[in-house]
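Trainee: Next come a sequence and a model predicted from it.
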Amino acid sequence: MSADLPSLSPAELARYSRHIQLGELGVDGQRRLAAARVLIVGAGGLGSPAALYLAAAGIGTIGVADFDRVATHNLQRQLLHTDATVGQPKVDSAAARLRATNPHINVVTHPEGVTADNALALFADYDVILDGTDNFAARYLNNDAAFFAKRPLVFGSIFKFEGQVAVFDSASGGPCYRCLFPAPPAAGSVPGCGEAGVLGALCGVIGSLQALEVLKLITGLGSPLTGRLLTYDALAPQVQTLSLPRDPHCPLCGSSPTIRTLPTCTAACATPPSMSTEAHPLEVTVTEARQLLDTAADRTLLVDVREPFEIEICQIKDAELIPLRQIPEHVGALPKDKHLLMLCHHGRRSLNATEFLRANGYTAVSSIAGGIDAWAEQIEPTMVRY
């Protein structure tokens, strides 16, 4: 055994006995897990099962990075959280659950999430990064930061009934996420789970596969999904593993890279500076939005980008209803002589719509931070929340 690996107490040996009985893992492998530091980015649908299995497996230090709070609609798939933790920061809810799962591990919370400002230093403090995020801006940021920090990134994604898993490890000669998708799609062109929905149990499958890849990377068991993309169709059901070679023309890890530093904002969230003016900020609070709708109704248009079933739960009077995926079809039809206020459930989809419209010539457009949930909390307390 390696002398620099931590020793295991009798209680830990008993807890991990079924691991230790695996000859390919043994006590030495369990000690490697105890010495490991794994960062989970996103305590949601994928991060929940991954974190629970990694905690139970005895990963010595688990970092959880997420800036979001627990909402009721999360509970259908995000098993780290419960009704009792609705409204709490996800990192706090996750940390309590993981510590209850295994008191022998150390859980570190990062409530600010992963940003362009903190990503490099944060990733460098961990051995493996697990990406449990659900939007393209975050995925490209995580990929680029992992590349520059020289850390393996265990990627997972889900869409309705399908999922994908891969390991991006350019430091070991493998491809990166940009080898698969060189640039992000246009904002609003691909619906997220908030618009398209997702089968909750699918998160368990993909998140568990991500946890397996982390365990393999740490212990040396088997062959990680480096240079391969595993796809899973839950309805068929069918699993395929596709070869994913490194792209020599990749803008990040190719032979002549054009991306040499971590940008302050990924291409998916970039907004021309001239578009963000004091008169029409990128985001406004629900209080500011209410004031605009009350005092400048003739010059303001509220656009709700949620899905029709969400509108049936609650809505704001006189809002124009355009689901996010249909926003590109309305470029040119939406008025440019009015201040467009974009609204969704929590503010993420509306921000995507705002950035898309600004990139297509609209300067007077703002996202309502916190969405209709913040509106219900601060403006209309009798409104149904979900």
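Mentor: Okay, I see it. Source: prediction; values computed, not measured.
Trainee: just the helices in the stretch 101-250 of the chain please.
Mentor: 119-124, 136-149, 177-180, 193-196, 200-219 (DSSP state H, counting those that start in this stretch).
Trainee: pLDDT weak spots in the protein?
Mentor: The model of the chain has pLDDT under 70 over residues 1-3, 186-196, 263-279.
Trainee: Pick out the residue nearest the middle of it.
Mentor: Central residue of the chain (C-alpha atoms, centre = their mean): T133, 1.4 Å from the mean position.
Trainee: Against L80, how distant is the closest residue in space to that residue that isn't next to it in sequence?
Mentor: Leaving aside its chain neighbours, T133 sits nearest to G42 (4.4 Å; criterion: C-beta to C-beta, 6 or more residues apart in numbering). Any C-beta I mention is one placed from the backbone N, CA and C, and that applies to glycine too. G42 is 11 Å from L80, where distance means C-beta to C-beta, to the nearest Å.
Trainee: With V214 instead?
Mentor: With C-beta to C-beta as the criterion, V214 and L80 are 16 Å apart.
Trainee: higher neighbour count, those two?
Mentor: L80 (29 against 26; other C-beta atoms under 10 Å).
Trainee: isn't the more buried one right next to G47, touching?
Mentor: Yes. Here L80 reaches G47: they are 7.3 Å apart, a contact under C-beta atoms under 8 Å.
Trainee: shared neighbours, these two?
Mentor: A94 (C-beta atoms under 8 Å, 6 or more residues apart in numbering).
Trainee: Now do the shared contacts for G42 and L80.
Mentor: Taking C-beta under 8 Å, 6+ apart as the contact rule, G42 and L80 touch no residue in common.
Trainee: Just to be sure, H280 is in a strand?
Mentor: No. Judged by DSSP: H, G, I helix; E, B strand; the rest coil, H280 forms no part of a strand; its state is coil.
Trainee: For N352, see how far away the spatially closest residue to it that is not a sequence neighbour is.
Mentor: Counting by C-beta to C-beta, 6+ apart, A364 is the residue found nearest to H280 once chain neighbours are left out, at 4.7 Å. Relative to N352, A364 is positioned 18 Å away (C-beta to C-beta).
Trainee: Also F147?
Mentor: Taking C-beta to C-beta, one finds F147 at 24 Å from N352.
Trainee: neighbour count winner among the two?
Mentor: Legend: neighbour count by other C-beta under 10 Å for F147 and N352, higher for N352 (27 against 24).
Trainee: Just want the phi and psi numbers for R37.
Mentor: When quoted as degrees, to the nearest 10, the phi and psi of R37 stand at phi -120, psi 120.
Trainee: contacting residues for it?
Mentor: By C-beta under 8 Å, 6+ apart, the residues touching R37 are I59, G60, T61, G63, D125, Y126, D127, V128.
Trainee: can we see that at 10 Å?
Mentor: Residues near R37 by C-beta atoms under 10 Å, 6 or more residues apart in numbering: I59, G60, T61, I62, G63, N106, V108, D125, Y126, D127, V128, I218.
Trainee: What about the third one, how many residues nearby?
Mentor: Going back to what we said before, that points to T61. Look at T61: counted by other C-beta under 10 Å, it has 17 neighbours.
Trainee: give the contact list for it.
Mentor: With C-beta under 10 Å, 6+ apart, T61 has these contacts: 34-39, 105-108, 125-127.
Trainee: same question, the first one
Mentor: With contact taken as C-beta under 10 Å, 6+ apart, I59 is in contact with 32-38, 40, 51, 53, 98, 102, 105-107, 127-128, 211, 214-215, 218.
Trainee: can you do 7 Å?
Mentor: Each residue near I59 by C-beta atoms under 7 Å, 6 or more residues apart in numbering is listed here: L33, A36, V38, I105.
Trainee: which residues in the stretch 201-350 of the chain form strands?
Mentor: Assigned by DSSP state E, counting those that start in this stretch, the strands in the stretch 201-350 of the chain fall at 228-233, 238-243, 283-284, 300-304, 320-321, 339-343.
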